[in-house]
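*Asks:* what follows is a predicted protein model with its sequence.
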Amino acid sequence: MSAPLVEISGLQKRFDGGTEPAIARLSTVIQPGQVTGLVGPDGAGKTTLMRLIAGLLAPSEGSITVCGFDTLDNPAAVHDVIGYMPQRFGLYEDLTVLENLVLYADLKGVVGPARAPTFERLLAFTDLARFTDRLAGKLSGGMKQKLGLACAMLKSPRLLLLDEPSVGVDPISRRELWRMVYQLIGEGVGVVWSTAYLDEAENCADVIVLNEGKVLYSGDPHALTATMAGRVFHVRGAGPERRDLLARAIKRPEIVDGVMQGEAVRLVVAETASVPEAAELAPGRTVSVAPIPPRFEDAFVALLGGQSKRTLSLDGHVSDNHDGAPPVEAKALTRRFGDFTAADQISFEIRRGEIFGLLGPNGAGKSTTFKMMCGLLRPTSGAARVDGLDLYSAPAAARARLGYMAQKFSLYGDLSVRQNLEFFAGAYGLWGAKKRAAVERVIAAFDLDAHVNDNAGGLPLGFKQRLALAAAVMHEPPVLFLDEPTSGVDPLTRREFWSFINAMVGRGVTVMVTTHFMDEAEYCDRVALISRGKCIAIDAPEALQASIRTEALPNPTLEDAFVALIEAQDPETAKAAA
Amino acid sequence: MSAHVTPPGSLRRIAALIRKETLQVARDRSSFVVVFVLPALLLLLFGFGISFDVSHLKIGLVIEEASPDASDFAAALTNSRYFDVERATDRRAFIDKLSAGQLNGIVVIAGDFAERLARGDTAGIQIITDGSDPNTAGLTTGYVNGAWQVWQQQRARGQTATMPGQITVESRFWFNPELESRRFLIPGSISLIMMMIGSLLTALVVSREWERGTMEALLATPVGIFEFIIGKLVPNFVLGLMAMGVCVAASLFVFDIPLRGSLVALIGFTAVFLTVALAIGLLISTVARTQFLASQLAMLVAFLPGVYLSGFLFEVASMPAVLRAVATIIPAGYYVRGLNTIFLAGDIASVLVPSAAVLALMSTLLFVLTALNTRQRLD
């Protein structure tokens, strides 16, 4: 192997006012011609490390060299050999695709006769040649990501730093980006890819697993995955009780991780423990327990000490309505913006106690549909109903029946946890003794006591998410809407969040969720696949997987199904979006 | 781009940044508002809304006993454009109106007015004003007194034979003979508007780069901080001059302010001041990374001191020594003086050159501070 591209020795980074170092004593190397994954939960120090390598932050101790140049002494030389794509891609949204390219080409010195062929190659590579006159702000998430990559690639960098390139990007675009990155490493470029999506770690030749600024593992991801052999198994046959089965299983001391995978429950046992008997897991029911091959995520969660055993402690059942109307219903929902139809005749009914997912590529009409279901956007035609109440003719009554958790957690950062809860209780019309009772109830149920007087803004992400969920259910709604609830959230936080959701569903709450995240879709009883404004499939995740099963692909993942179904519906969109 | 003349890296990067900035401005409706609508609107507000001149003071005139002299003075008041006069023979008729604020003052011509006038005694007029509004009260008293002086002079002229050689003091106000407050309010307003626009422009465009995450991408390219500053300064300098064009056009054609100095002096002096305003914005942007904070700071640091300490609304000479000292570092103050001079007096080098020199010194200092404060890294 040739000389390493990046050498990091004894690296420490402290920020003013921080008690713990953001990066603590890190020494490692990054090789050319391969992808090095930087994985870890939120706040682990991934972005800080990226910025340190890019020479945008100065190390507090230790040193980093990139292609032999010290990032502290010679940042200009480092900038000359790297391509850096920050989160949000660093694009000027009010400039066109071509203007962005021209700007970065001028700044990086790609001028004269070298420019035309470079542009031609990058536009072909990213398939953006047709969109050169479009404003960057009008591109889909996947296309922005590709333009960001093209700008970072202008000067044929030897090291490419991609900071969470796949956040908020649909699976089709994600696959396309990986394809492009593989092509680059074939040309000898070294790529550092930071991510909270653990399936991506399996695509890397090397991974650096970070947690709280410390390296937990560094090396071949498959070697780490291999240590989990024999510790992972599927429990099948629990039917509608699988959520209870999962909740009980997680509480067992020998289980370090448990997630839903369609009909099956995936469980991981601790290193020394043996697989529990089927009868222990589901008394009174015949379930099958079968070992399955481990994946990187199993190893990652085990490495971080397993998932939290915290569960929701709420008793009782939410009140039903009595007229037998479906809890959530979309009837030929249509929304046009000018001559563009963002949502076209979308219909579905969600059953009580069901988790229903809205999936689709960026710009497919998923968010438009979701907003109409929340009563935030007026449909051009059709109806959206909650518990039989129309969100337009009876908005107040309909909204009182639903809880809504926005993607960005609508919390007041400079109010304390308790003040936030009191505010939302008031906003839902609770007051006096009822309000106090509701606040105390959710503080206890969501285990918010530890930070109850701290400002919400400074809380760890997982806690914020719990608080946002608590605020959304203060008024005990029978229906809960979640908009990309775990986008950019690490696996541990995501698991805890879903264990809360599962517990709510156990109490009879009906859940509708939009997501990009296939793991999240696995928790759904049924998903609706939205593409180009139309609903192209509604079914259980396993049924969707089965629908595309072929001899060449005997075990399709849900992501495979997602990509295949969208491509089958509209090969042209799939290519353009990709 | 020609292959033969590739400019050296730094110039090329500056040109690229300027081109980028220009494209952004051209597509951003808010910059159009800041440059064209905001100055026009503010100037109209200042020009028509604020005025220290008074006309149509509402006066209740009480003539206790009619006489030719009394009606002559009454006619003088009635015909003046400064007064709207109501008449009565008893002051009690006006007392309630004065307390209700329907009258600005009461003028009483006493019963023995004509007699005392004939004797050459102090004549019996009484002026009653509403002291709860001292400003208007003072003005009313002043204007009535003025009218009284004028009337007496005219009367004297008619009786030259009996009163020879009367000496009067005649004041003459240079540069603004009509003492129209608009004449100095407009140049003063322009300086505040330019201060605000100049500092806002740069403060906002830099904090926007932080907010949108593009700063991070720029920092990872070979762009140097000096290039970045020039790239922000040049397009916004042009925008600032365009805003000045709007202000000058409005002053000349809407408000009829004379321009006694030359256009060259006006543009040159404005250019020096604009550099200071833009530099303040840049300095703000080194600490404010959100547009909200940047605009708040621009108001606080640039606009408000300009309002109070530039000498445009409030006389600096009559302030306590501490405030007078602070006022010497308020750039808007120098600009107000310069603009007043250019508009109302002419190109007077002894005023303009020292002011311009102080402003140039300020901008140099601000740029040094900005360069020292701007970090090439994120921490």
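*Replies:* Structure received.
*Asks:* for the closest residue to chain A within chain B, grab phi and psi.
*Replies:* Relative to chain A, the nearest point of chain B is residue B:217 (2.6 Å; CB to the nearest CB). C-betas here are computed from N, CA, C, even on glycine. Main-chain torsions, residue B:217, degrees, to the nearest 10: phi -70, psi -40.
*Asks:* give me the number of residues near residue A:197?
*Replies:* Applying other CB atoms under 10 Å in any protein chain shown, we find 22 residues neighbouring residue A:197.
*Asks:* and it, its phi and psi?
*Replies:* phi -90, psi 110.
*Asks:* which SS class is the closest residue to it other than its chain neighbours?
*Replies:* Of all residues not flanking residue A:197 in the chain, residue A:166 sits nearest, at 5.8 Å (CB to CB, 6 or more residues apart in numbering or on different chains). Of the three states, residue A:166 takes coil according to DSSP: H, G, I helix; E, B strand; the rest coil.
*Asks:* per-residue pLDDT of residue A:166, please?
*Replies:* Predicted confidence (pLDDT) for residue A:166: 81.
*Asks:* same question for residue A:105.
*Replies:* pLDDT, read off for residue A:105, is 93.
*Asks:* check residue A:117 too.
*Replies:* Note on residue A:117: pLDDT of 91.
*Asks:* just checking, which helix or strand succeeds the helix or strand where it lies along the chain?
*Replies:* Using DSSP states H and E, residue A:117 maps to helix A:115-126. Next helix or strand after helix A:115-126 toward the C-terminus (DSSP H and E): helix A:141-152.
*Asks:* next, the angle from that following helix to helix A:115-126.
*Replies:* Helix A:141-152 and helix A:115-126 are oriented at 150 degrees to each other (axes from the mean of the first three to the mean of the last three CA atoms, to 10 degrees).
*Asks:* can you list the low-confidence ranges for chain A?
*Replies:* A:1-2, A:18, A:313-323, A:488, A:570-578 (pLDDT under 70).
*Asks:* residues contacting the residue of chain B closest to chain A?
*Replies:* A:84-86, A:89-91, A:104, A:151 (CB atoms under 8 Å, 6 or more residues apart in numbering or on different chains).
*Asks:* burial check on the residue of the stretch 301-450 of chain A found nearest chain B, number of neighbours?
*Replies:* Closest to chain B within the stretch 301-450 of chain A is residue A:413: 13.2 Å, counting by CB to the nearest CB. Counted by other CB under 10 Å, the residues lying close to residue A:413 total 12.
*Asks:* ok, now how distant is it from residue A:42?
*Replies:* Residue A:413 is 16 Å from residue A:42, where distance means CB to CB, to the nearest Å.
*Asks:* again, but for residue B:115
*Replies:* From residue B:115 to residue A:42 the distance is 96 Å (CB to CB).
*Asks:* excluding covalently adjacent residues, which one is nearest to the residue of chain A found nearest chain B?
*Replies:* Closest approach between chain A and chain B, counting by CB to the nearest CB: residue A:90, at 2.6 Å. The shortest distance from residue A:90 to any non-neighbouring residue, by CB to CB, 6+ apart, is to residue B:217 (2.6 Å).
*Asks:* residue A:179 sits in which helix or strand?
*Replies:* helix A:171-186.
*Asks:* enumerate the positions of that helix that are buried.
*Replies:* For helix A:171-186, a neighbour-count test (16 or more other CB atoms under 10 Å in any protein chain shown) marks A:171-178, A:180-181, A:184-185 as buried.
*Asks:* go ahead and confirm residue B:116 touches residue B:109.
*Replies:* No. Between residue B:116 and residue B:109 there is no contact under CB atoms under 8 Å: 10.9 Å.
*Asks:* list the residues that contact both of those two?
*Replies:* When contacts are counted by CB under 8 Å, 6+ apart, residue B:116 and residue B:109 have residue B:124 as shared neighbours.
*Asks:* between the two, which has more neighbouring residues?
*Replies:* Taking other CB under 10 Å, residue B:116 and residue B:109 do not tie; residue B:109 has more neighbours (24 against 16).
*Asks:* show me what contacts residue 60?
*Replies:* By default, I'm working from chain A. A:12-14, A:21.
*Asks:* that's the other chain; I wanted chain B
*Replies:* Contacts of residue B:60 (CB under 8 Å, 6+ apart): B:85-88, B:91, B:93-94, B:97-98, B:103, B:105-107.
*Asks:* any idea which of the contacts of residue A:60 has the most stuff around it?
*Replies:* residue A:13 (23 neighbours).
*Asks:* and the strands in chain B?
*Replies:* With strands called from DSSP state E, chain B shows them at B:57-63, B:83-88, B:105-109, B:125-129.
*Asks:* what's the answer for the stretch 451-578 of chain A, then?
*Replies:* Ranges of strands within the stretch 451-578 of chain A are A:479-483, A:510-515, A:526-531, A:534-539, based on DSSP state E, counting those that start in this stretch.
*Asks:* so which elements touch the second one?
*Replies:* For strand A:510-515, the helices and strands in contact under the criterion 3 or more CB pairs under 8 Å, 6 or more residues apart in numbering or on different chains; DSSP states H and E are strand A:355-359, helix A:366-374, strand A:479-483, helix A:491-506.
*Asks:* wait, residue B:28 sits on residue A:94?
*Replies:* Yes. The pair residue B:28 / residue A:94 is scored as a contact, 6.5 Å apart, by CB under 8 Å.
*Asks:* CA atoms only for stretch A:520-529 - export them in PDB, please.
*Replies:* What follows is the C-alpha trace of stretch A:520-529 in PDB, where atoms were taken according to Å, rounded to 0.1, in the frame of the first residue of the first chain:
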ATOM      1  CA  GLU A 520     -37.600   3.400  10.200                       C
ATOM      2  CA  ALA A 521     -39.900   2.100   7.500                       C
ATOM      3  CA  GLU A 522     -39.400  -1.400   9.000                       C
ATOM      4  CA  TYR A 523     -41.300  -0.400  12.100                       C
ATOM      5  CA  CYS A 524     -44.300   0.400  10.000                       C
ATOM      6  CA  ASP A 525     -47.200  -2.000   9.600                       C
ATOM      7  CA  ARG A 526     -47.900  -0.600   6.200                       C
ATOM      8  CA  VAL A 527     -46.200   2.000   4.000                       C
ATOM      9  CA  ALA A 528     -47.400   4.100   1.100                       C
ATOM     10  CA  LEU A 529     -44.800   4.700  -1.500                       C
END
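*Asks:* cool, thanks, signing off.
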